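Student: Mind looking at a prediction? Sequence and model below.
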Amino acid sequence: MTRVGSTRDLVAAGGFREARGIRFLAGADGTARFFLELFADPDHPAFRPREAWASLLSALPPGWGLRILVVAWPDPAGRRAFREAVRGWPGRADLRAELLDFLETDPPPLRRRTLLEVAVPPAALPEAAAFLEGAMALLIPYGIRAIRLPEEEVVALARQILHPRLEGGG
């Protein structure tokens, strides 16, 4: 049994595997782990996150696990765009060079991301793809959009918040 809030299964995962045409992270406990990123639209006329979670939890089959991760994720895109704009500024080259040096050495700003981890027992793997598609569709009427987190971002997640020296995704 996984403790609430435990990250051991993700850090000690057995790499990415494929079964029945679906790729997943193999958990240390034998589960198949899938990750979705959630996007909320608070302007949606029916934005109701509590009802969305209740619907999702009631749809979760027995023996499956669900964990919500709210992480601070580096967001270098805005910094990159600003750096390109600074390069084109007229004026003193020495001040521009100092600012560019600062932008190169200062860590990128962070943005909040909400991720959903679904742990599927090995025997239920054939049902996983249908459940994930259904879960993504289930959240839409409540003003929440979910997309599958790409494999390279799952590796980045493990590296960023759980194990900084984790090697690439197998």
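Tutor: Received, thanks.

Student: Could I get the full set of strands for this protein?
Tutor: Using DSSP state E, the strands of the chain run over residues 16-19, 22-26, 32-40, 65-74, 110-120, 144-148.

Student: for those, which one sits closest to Leu103?
Tutor: Taking C-beta to C-beta, strand 65-74 is the member of those nearest to Leu103, at 13.9 Å. C-beta here means a position set from N, CA and C on the backbone, and glycine is covered the same way.

Student: now what about that closest one, what contacts it?
Tutor: 2, 31, 56-57, 60, 107-119, 157, 160-161 (C-beta atoms under 8 Å, 6 or more residues apart in numbering).

Student: which one's the longest helix in this structure?
Tutor: Of all segments of type helix in the chain, defined using DSSP state H, the longest is helix 125-139.

Student: Does anything pack onto that one? Which helices or strands?
Tutor: Using 3 or more C-beta pairs under 8 Å, 6 or more residues apart in numbering; DSSP states H and E, the elements in contact with helix 125-139 are strand 22-26, strand 32-40, helix 49-59, strand 110-120, strand 144-148.

Student: quick one: the second one to helix 125-139, angle?
Tutor: When axes from the mean of the first three to the mean of the last three C-alpha atoms, to 10 degrees is applied, the directions of strand 32-40 and helix 125-139 differ by 10 degrees.

Student: Now do the buried residues in strand 32-40.
Tutor: Of the residues in strand 32-40, 32-38 count as buried by neighbour count, 16 or more other C-beta atoms under 10 Å.

Student: Please check the contacts of strand 65-74 and keep the buried ones.
Tutor: Taking 16+ other C-beta under 10 Å as the criterion, what is buried in the contacts of strand 65-74 is 31, 56, 113, 115-119, 157.
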